[in-house]
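Engineer: structure here, sequence nowhere to be found:
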């Protein structure tokens with residue numbers, strides 16, 4: 001499970017060093033793709049295959065499913081971390097997420113997310129109050 005918040009730097013070649021806690025799960029290969037809220041999703045290759053299998057089950061007659069599949073998969077990039085745990089983020093994905101030198105990488109269970117540090121801090125500030133004030137059951141059976 002991928003957990004925590006990390007603050008690696010993006011180097012001049014568009015590479016990021018994966019958090020040490022994530023390397024074991026991602027060392028066999030990973031997929032980086034567009035996420036929601038202008039972040040990047042990072043899946044292990046096995047997890048991405050499982051997510052893809054679920055998406056493929058959506059009816060081809062659904063415009064929403066077709067649109068989601070196109071956006072999600074058209075930006076996907078297979079990557080293999082090097083010996084130092086670095087992975088290259090393709091230029092198009094860096095542009096999509098507005099990435100510059102300062103990044104935030106968060107673990108979200110089955111995936112990691114890569115954020116522009118300023119965007120993450122703004123997002124987190126906006127969500128803190130809503131998170132603290134949740135009065136209804138957002139995730140069934142959780143609390």
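Structural biologist: Everything's here; your move. These numbers were taken from a predicted model, which means no experiment stands behind them.
Engineer: residue ranges in the chain under the pLDDT threshold?
Structural biologist: The chain contains residues with pLDDT under 70 at 135-143.
Engineer: please redo it, this time with the cut-off set to 80
Structural biologist: Where the chain drops to pLDDT under 80, the residues are 132-143.
Engineer: can you pull out the helices in it?
Structural biologist: 20-26, 45-56, 63-74, 91-97, 117-132 (DSSP state H).
Engineer: which parts of the second one are buried?
Structural biologist: Of the residues in helix 45-56, those buried by neighbour count under the rule 16 or more other C-beta atoms under 10 Å are 47, 48, 51. All C-beta spots, glycine's among them, are computed from the backbone N, C-alpha and C.
Engineer: nearest to residue 82 among these?
Structural biologist: Nearest to residue 82 out of the buried residues of helix 45-56 is residue 48 (C-beta to C-beta; 19.4 Å).
Engineer: with adjacent residues omitted, what lies nearest to the closest one?
Structural biologist: residue 31 (4.0 Å; C-beta to C-beta, 6 or more residues apart in numbering).
Engineer: count the neighbours of that neighbour for me.
Structural biologist: 22 (other C-beta atoms under 10 Å).
Engineer: what does residue 21 give?
Structural biologist: 14.
Engineer: which ones are touching the nearest residue to it once chain neighbours are set aside?
Structural biologist: Leaving aside its chain neighbours, residue 21 sits nearest to residue 4 (6.4 Å; criterion: C-beta to C-beta, 6+ apart). By C-beta atoms under 8 Å, 6 or more residues apart in numbering, the contact list for residue 4 reads 19, 21, 106, 107.
Engineer: between those, which is nearest residue 83?
Structural biologist: residue 19 (16.0 Å).
Engineer: which residues sit in contact with the closest residue to that closest one other than its chain neighbours?
Structural biologist: Leaving aside its sequence neighbours, residue 19 sits nearest to residue 6 (C-beta to C-beta, 6+ apart; 4.1 Å). Residues in contact with residue 6 (C-beta under 8 Å, 6+ apart) are 19, 21, 104, 105, 106.
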